[in-house]
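Novice: here's a sequence, model it:
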Amino acid sequence: MNTLQNMRTFMQVIESGSFTAAADALDMSPASASKAVSELEQHLRVRLLIRSTRRITLTDAGRNYLEHCQKIVQAIDAAEQEVCEASSRAQGVLRIHSFASFGQHYIVPAIGAYRRLHPGVRIELELSQSLPDLFDGTCDTSILAVSSLRDSEIVMHRLGSTYSVLCASQAYLNAHGTPAHPGDLIEHDCLALSTPTFSPREWTLEKADGSQTECIAINSVFRINMAESLVGAIRADMGIGPLPVYSALAGLRAGTLVRVLPEYTLETKDICALFPSRRYLDARTRTWSDFMREYLPPALARDQRALKSLVAEPEEA
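Specialist: Predicted structure coming up:
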């Protein structure tokens, strides 16, 4: 028995004055309307209505029950309206996860721009090097650089792509020589970046034109899980290491980093927004997703153009 629906039918019968009129208002048959009230009476073990061919009259129990029905239905309707209105407005707390370096470079500035459009949304950003559990209720969305996902239930929206480049300090290259081919890397001190989406044991180098791919097994002398910290190790003349474009740019511009094998890139990754479900996204999550689809691709493209513009500079000097 659908008690709530039967309550609504009972209320409509009283308001309309007959089962036929109530049935018309509720788009159901008079027999179904009559059955709904009968089910309530059987469930309550009390008579609610006195039926006659001319009119319907409430019993004392029916009058008392009608008052309770009206309060219950009004409370439910108010709750549903409040939830629907809240879900249609971008407000409340949005919990975002991202990897640390990527989040610092792209997500933090994006949040500032997003909140200028949606000031009613408060942001909780978690930056970590671990993949979040999107089903434990602590995170609304995650934006990651990924090559694949093991959880087929996760909804993924692709926002763009990025890659890494090999970098070293000029002092290290002066002391150890500059690799001319990916195979030369086995003779160098390699610094590994270890994240859930980046292998610390093998580097996949791809020519920019897609004509060649080299997989190089490395025996790293140093391994770390943060790109920004790897920048420090490279600047300290410790060896050659892979840096995401966004982490390498500042050092390459300043001359504290030198790009190694500039005709190659490493580990192209898709940048994706991840959600636990595609159904019933609230307004803050939906507007954030839409905003990032507009915001992130130009930001990624801008940094990649800046990197390409630096490749020819050492030769022109």
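Novice: break down the chain into its helices, ranges please.
Specialist: Along the chain, counting by DSSP state H, helices occupy 3-16, 19-26, 30-44, 60-88, 100-102, 108-117, 170-176, 227-235, 245-254, 283-311, 313-316.
Novice: any weak-confidence spans in this structure?
Specialist: Within the chain, the stretches with pLDDT under 70 are 84-88, 134-137, 147-153, 277-280, 311-317.
Novice: try it again at 50.
Specialist: 312-317 (pLDDT under 50).
Novice: how is it divided into domains?
Specialist: 3-88, 95-317 (automatic domain parsing).
Novice: please tabulate the helices of the chain in CSV, including the columns mean neighbour count and distance to Q129.
Specialist: Glycine gets a C-beta too; all of them are placed from N, C-alpha and C. CSV is the format used below for the helices of the chain (neighbours: other C-beta atoms under 10 Å; distance: least, C-beta to C-beta, whole Å):
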stretch, mean neighbour count, distance to Q129
helix 3-16, 18, 48
helix 19-26, 18, 57
helix 30-44, 16, 57
helix 60-88, 13, 33
helix 100-102, 20, 6
helix 108-117, 14, 16
helix 170-176, 14, 26
helix 227-235, 19, 10
helix 245-254, 18, 14
helix 283-311, 16, 20
helix 313-316, 9, 32
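Novice: A233 is in contact with F222, correct?
Specialist: Yes - judged on C-beta atoms under 8 Å, F222 makes contact with A233 at a distance of 5.9 Å.
Novice: give me the common contacts of those two.
Specialist: L191, G239, G241 (C-beta atoms under 8 Å, 6 or more residues apart in numbering).
Novice: quick check, nearest of these to Y163?
Specialist: Closest approach to Y163 among the shared contacts of F222 and A233 (C-beta to C-beta): G241, at 14.4 Å.
Novice: and for the closest one, the neighbour number?
Specialist: Neighbour count for G241, taken as other C-beta atoms under 10 Å: 29.
Novice: any figure for the gap between it and F222?
Specialist: Distance from G241 to F222, counting by C-beta to C-beta, to the nearest Å: 8 Å.
Novice: likewise A21?
Specialist: Relative to F222, and taking C-beta to C-beta, A21 is found at 82 Å.
Novice: and what of T195?
Specialist: Distance from T195 to F222, by C-beta to C-beta: 15 Å.
Novice: more neighbours: which of these two?
Specialist: Neighbours were counted for T195 and for F222 using other C-beta under 10 Å; T195 has more, 22 against 15.
Novice: quick revisit: could you list which of the shared contacts of F222 and A233 belong to strands?
Specialist: Among the shared contacts of F222 and A233, the members falling in strands (DSSP state E) are L191, G241.
Novice: how far does stretch 258-267 sit from the chain's center?
Specialist: Centroid displacement of stretch 258-267 relative to its chain, using C-alpha atoms, centre = their mean, to the nearest Å, is 30 Å.
Novice: you'd agree Y65 is up against H43?
Specialist: No - taking contacts as C-beta under 8 Å, Y65 lies outside contact range of H43: 10.9 Å.
Novice: which residues in the stretch 101-250 of the chain form strands?
Specialist: 121-127, 141-146, 155-168, 191-193, 202-207, 213-217, 222-224, 241-244 (DSSP state E, counting those that start in this stretch).
Novice: tell me the most buried of those strands?
Specialist: strand 241-244 (a mean of 27; mean count of other C-beta atoms under 10 Å).
Novice: okay, now the sheet partners of that one, with direction.
Specialist: The strands beside strand 241-244 in its sheet (DSSP bridges) come out as strand 155-168 (antiparallel).
Novice: picking that back up, overlap in contacts, G241 and F222.
Specialist: Contacts common to G241 and F222, judged by C-beta under 8 Å, 6+ apart, are L191, A192, A233.
Novice: nearest to S199, of those residues?
Specialist: A192 (8.4 Å).
Novice: wait, the closest one sits on M226?
Specialist: No - if you go by C-beta under 8 Å, A192 and M226 don't touch, sitting 12.0 Å apart.
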